[in-house]
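Q: Here's a sequence, model it:
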Amino acid sequence: MKLDKIISVLDAEILCIVKNKLNSDITKACGADLMSDVLAFVQPDTLLLTGLTTPQVVYTAENAGVNVVCFVRGKKPHKETVDLAKEKKITLLVTKIPMFESCGILYKNGLMGYSEISKQ
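A: Predicted coordinates:
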């Protein structure tokens, strides 16, 4: 799914975006608040949906190869987190939609989770 479609279906606000990335493909998504789970299970080029807004999310995304993080429930990170994401070239979004519903909307619109990808 193209990043611009993800932004549209989640009615997401862009907090920071890497230049020319609106048309990039995102192949899978993961909803998690435990950054240890992200490090253990998430593959590169995954959209991470989370309710955590600390700089640790950006560091975790960088280590896991995640290029796009979407904060759910309308939670917005402090300037420090946004500045770090800009430095690390990680796109940050925010949606007012809760995590469960956000994951469902993305799935309904064709974005797969890991169990679906492993079946292919």
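
Q: which stretch of helix or strand covers residue 66?
A: Using DSSP states H and E, residue 66 sits in no helix or strand.

Q: which residue packs closest to it, ignoring adjacent ones?
A: Excluding its sequence neighbours, the residue lying closest to residue 66 (C-beta to C-beta, 6 or more residues apart in numbering) is residue 48, at 4.8 Å. For every residue, glycine as well, the C-beta is placed using N, CA and C.

Q: Kindly report the same for residue 25.
A: Residue 25's closest residue in space is residue 2 (C-beta to C-beta, 6+ apart), at 6.3 Å.

Q: picking up where we left off before, is it fair to say the residue nearest to residue 66 lies in a strand?
A: Yes - under DSSP: H, G, I helix; E, B strand; the rest coil, residue 48 sits within a strand.

Q: show me the contacts for it.
A: Residue 48 makes contact with 29-32, 38, 42, 57, 61, 64, 66, 68-70, according to C-beta atoms under 8 Å, 6 or more residues apart in numbering.

Q: Dihedrals phi and psi, residue 60?
A: phi -60, psi -40 (degrees, to the nearest 10).

Q: could you dump the contacts of residue 48 to a markdown table with secondary structure, neighbour count and distance to residue 9?
A: Putting the contacts of residue 48 into a markdown table (DSSP: H, G, I helix; E, B strand; the rest coil; neighbours: other C-beta atoms under 10 Å; distance: C-beta to C-beta, whole Å) gives the following:
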| residue | secondary structure | neighbour count | distance to residue 9 |
| --- | --- | --- | --- |
| 29 | strand | 22 | 11 |
| 30 | strand | 19 | 17 |
| 31 | strand | 20 | 15 |
| 32 | coil | 20 | 20 |
| 38 | helix | 22 | 22 |
| 42 | coil | 23 | 21 |
| 57 | helix | 26 | 22 |
| 61 | helix | 26 | 21 |
| 64 | helix | 19 | 23 |
| 66 | coil | 23 | 19 |
| 68 | strand | 24 | 14 |
| 69 | strand | 27 | 17 |
| 70 | strand | 25 | 11 |
